[in-house]
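Participant: Build me a structure from this.
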Amino acid sequence: MPRYNYVALDARGNETKGAIEVGSQNEAIGRVKEMGLFPTKIAEADKADKSSGKKARSKPAKAKGGKKGGAMNINIKIPGLGGKVKPKVLTTFTRQLATLVDAGLPLLRGLRVLEKQERNVVLKGVLSDLATSIEGGSTFSEALAQHPKVFNRLFVNMVKAGELGGVLEVVLKRLAEFSEKAQKIKGKVKAALFYPCAVLIVAIGIMVLLMTFVVPKFKEVFAGMGFTLPGFTVFVLAVSDIIRHNIVATLGGIVVFVILFMLFIRTKFGRHVWDKTRLIMPPIGPVVTKVSISRFTRTLGTLVSSGVPILQALTIVKETAGNVIIADAVAKVHESVKEGETITAPLEASRVFPPMVVSMVDVGEQTGALPEMLLKIADNYDEEVDNAVAAMTSLLEPIMIVFLALIVGSIVIAMFLPLIKMITVMSGSGGGGGGGGD
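Facilitator: Residues are numbered from 1 along each chain as shown. Next up, the predicted model:
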């Protein structure tokens, strides 16, 4: 039986070398993969080199000639390495692949067609790896699993269910629709938050400009006055001095605060507090809640309707929830289903899902139409998200305008208080002098 030398990488990227005896090069590739390794080079050991104790090496000329002793380089993407693909680009790819497969084009040919026209460098390399893996005998889901940074567990498991059920084109369509709706909701939320963020940046810029250039000019004017400045004016002047003379320390303090906040929300307790705050904080809370419920119901409904087992689907939903509070509720649902109980009780106990959602899930569970009911809830909540985003925008606009007016108005008032006091003093002294003349 031929002997093959291999060079492979493990999940951590460490290189491993060895030799195996199998019938062919394809069997060698499969055997190395079964060992949990990712082959980068596999070559049949040369008999002459065996006797001399040297490693088999392939020359470029022999490799081109296709001789038996030539080495084959395998282009396989190592999981965890490489760049990421933007969700919008991935959504477009999914829709295009679903269209090609539904039109009757073989999966491998469809991947090659999309690879040729793909402009995203990262995705182009991934598509090449997917096609190579499928040509080597891997299934589509196995090839996708080698790129966890690009294709999450939701994507991989839905494709796997589609392969097992022989409905890959249907699953790809559902994935494309799922991604498109998710991107649509995300885009609406981003658009709604753009205005308040822009106003906040403008407010900070105006405040820095006033404190750095305008307020110091007033301070020079106030220095020649012979009376005590109002307390509020003294406070604003002191803040101005701090910003002017400690600009580096001020910026450093802001950066440190942001870093500490990011570290805090990465802790288990901090993430729990932050996610809970996002769900109840007005006016953002209603939007976050509705988006989370829409994501939960659509993800679970899409997975179950595609043939993914309910327990496995709940595990995937928990990982893709995006909110610890929702994830905890899904974990309790998973335990309930695992013990043979219903989904409804833990959903109701979580106090995150509204009674209407719990009732519809209960009806779907009792009638055996849970996937359809979940997708219907998701469609309803997509409309609720639109309404919540519109309400949030209409509420945030006056809040941000008032916030900007308070910042600028406070500084202006602080600078004019001494002037008003000076005019009052001058008026009083002028009136007193006139009375003495009479």
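Participant: Need the single longest helix in this structure, by residues.
Facilitator: Using DSSP state H to define each element, the chain has its longest helix at helix 370-437.
Participant: other SSEs contacting that helix?
Facilitator: If you count contacts as 3 or more CB pairs under 8 Å, 6 or more residues apart in numbering; DSSP states H and E, helix 370-437 packs onto helix 168-209, helix 215-223, helix 231-245, helix 285-305, helix 355-367. Heads up, the C-betas are built off the backbone N, CA and C, glycines and all.
Participant: repeat that with 6 Å
Facilitator: helix 168-209, helix 231-245, helix 285-305, helix 355-367 (3 or more CB pairs under 6 Å, 6 or more residues apart in numbering; DSSP states H and E).
Participant: and Ile401, which of these is closest to it?
Facilitator: For Ile401, the closest of those is helix 168-209, at 7.3 Å, according to CB to CB.
Participant: ok and the closest one relative to helix 215-223, angle-wise?
Facilitator: For helix 168-209 against helix 215-223, the angle by axes from the mean of the first three to the mean of the last three CA atoms, to 10 degrees is 20 degrees.
Participant: Check which helices and strands helix 168-209 sits against.
Facilitator: Taking 3+ CB pairs under 6 Å, 6+ apart as contact, the helices and strands that helix 168-209 lies on are helix 87-102, helix 153-165, helix 370-437.
Participant: JSON lines for these, including mean neighbour count and mean pLDDT?
Facilitator: Shown next, in JSON lines, are the helices and strands packed on helix 168-209 (neighbours: other CB atoms under 10 Å; pLDDT from 0 to 100):
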{"stretch": "helix 87-102", "mean neighbour count": "18", "mean pLDDT": "88"}
{"stretch": "helix 153-165", "mean neighbour count": "20", "mean pLDDT": "84"}
{"stretch": "helix 370-437", "mean neighbour count": "15", "mean pLDDT": "80"}
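Participant: Just tell me which of the ones you listed ends up closest to Ala238.
Facilitator: Of these, nearest to Ala238 by CB to CB is helix 370-437, at 10.8 Å.
Participant: And the longest helix of the chain, how far out from the chain middle?
Facilitator: Remark: helix 370-437 is offset 33 Å from the chain centroid, using CA atoms, centre = their mean, to the nearest Å.
Participant: relative to helix 285-305, how tilted is it?
Facilitator: Going by the same axes, to 10 degrees, helix 370-437 makes 170 degrees with helix 285-305.
Participant: before we move on, which element is Tyr6 in?
Facilitator: Tyr6 is part of strand 3-9 when elements are defined by DSSP states H and E.
Participant: quick check: mean pLDDT across that strand?
Facilitator: Averaging pLDDT along strand 3-9 gives 77.
Participant: CA atoms only for that strand, dumped as PDB, please.
Facilitator: C-alpha atoms of strand 3-9 as PDB (Å, rounded to 0.1, in the frame of the first residue of the first chain):
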ATOM      1  CA  ARG A   3       2.900   5.600   1.800                       C
ATOM      2  CA  TYR A   4       2.000   9.300   1.900                       C
ATOM      3  CA  ASN A   5       3.900  12.000   3.800                       C
ATOM      4  CA  TYR A   6       1.700  14.900   5.000                       C
ATOM      5  CA  VAL A   7       2.100  18.400   6.400                       C
ATOM      6  CA  ALA A   8      -1.000  19.700   8.300                       C
ATOM      7  CA  LEU A   9      -2.100  22.400  10.700                       C
END
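Participant: Could you tell me which residues within it count as buried?
Facilitator: For strand 3-9, the neighbour count (16 or more other CB atoms under 10 Å) marks 4-9 as buried.
Participant: Need those in CSV (columns: distance to Arg295).
Facilitator: Shown next, in CSV, are these (distance: CB to CB, whole Å):
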residue, distance to Arg295
Tyr4, 47
Asn5, 48
Tyr6, 43
Val7, 42
Ala8, 38
Leu9, 35
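Participant: so what's Asp328 closest to, chain neighbours aside?
Facilitator: Among residues not flanking Asp328 along the chain, Ser350 sits closest, at 7.4 Å (CB to CB, 6 or more residues apart in numbering).
Participant: cool, and Gly364?
Facilitator: Using CB to CB, 6+ apart, the closest residue to Gly364 is Met373 (2.8 Å).
Participant: pretty sure the one you found contacts Met360?
Facilitator: Yes: here Met373 reaches Met360: they are 5.4 Å apart, a contact under CB atoms under 6 Å.
Participant: what residues are shared contacts of the two?
Facilitator: By CB atoms under 6 Å, 6 or more residues apart in numbering, Met373 and Met360 have no common neighbours.
Participant: now the strands for the stretch 1-150 of the chain?
Facilitator: 3-9, 15-21, 38-44, 72-73 (DSSP state E, counting those that start in this stretch).
Participant: Let me know the next secondary structure element after the helix or strand hosting Phe261.
Facilitator: Using DSSP H and E, the secondary-structure element containing Phe261 is helix 247-266. Of the helices and strands lying after helix 247-266 in sequence (DSSP H and E), the nearest is helix 268-280.
Participant: how about that next one: buried residues?
Facilitator: For helix 268-280, by 16+ other CB under 10 Å, it's 271, 274-275, 278-279.
Participant: Then stretch 200-209?
Facilitator: Applying 16+ other CB under 10 Å to stretch 200-209 flags 203, 207 as buried.
Participant: And for stretch 120-133?
Facilitator: 120, 122-123, 125-133.
Participant: Which helix or strand in this structure has the lowest average pLDDT?
Facilitator: helix 60-65 (a mean of 37; mean pLDDT, DSSP states H and E).
Participant: related to what we said a few turns ago, now tabulate the helices and strands packed on helix 168-209 in a markdown table and tack on distance to Ser179.
Facilitator: Shown next, in a markdown table, are those (distance: least, CB to CB, whole Å):
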| stretch | distance to Ser179 |
| --- | --- |
| helix 87-102 | 4 |
| helix 153-165 | 9 |
| helix 370-437 | 13 |
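Participant: And those: which comes nearest Glu180?
Facilitator: Nearest to Glu180, of these and by CB to CB, is helix 87-102 at 5.7 Å.
Participant: and the closest residue to Leu37 other than its chain neighbours, what are its bridge partners?
Facilitator: Nearest residue to Leu37 in three dimensions, chain neighbours excluded: Ala8, at 3.8 Å (CB to CB, 6+ apart). For Ala8, the beta-bridge partners under DSSP bridges are Thr16, Pro39.
Participant: re earlier: so the strand holding Tyr6 versus strand 15-21, what angle?
Facilitator: Using the same axes, to 10 degrees: strand 3-9 against strand 15-21 is 160 degrees.
Participant: Contacts only, for Ala329.
Facilitator: 350, 352.
Participant: hang on, it in a strand?
Facilitator: No: Ala329 is assigned helix when assessed by DSSP: H, G, I helix; E, B strand; the rest coil, not a strand.
Participant: Against Thr342, how distant is it?
Facilitator: Ala329 sits at a distance of 14 Å from Thr342 (criterion: CB to CB, to the nearest Å).
Participant: Good, we can wrap up now.
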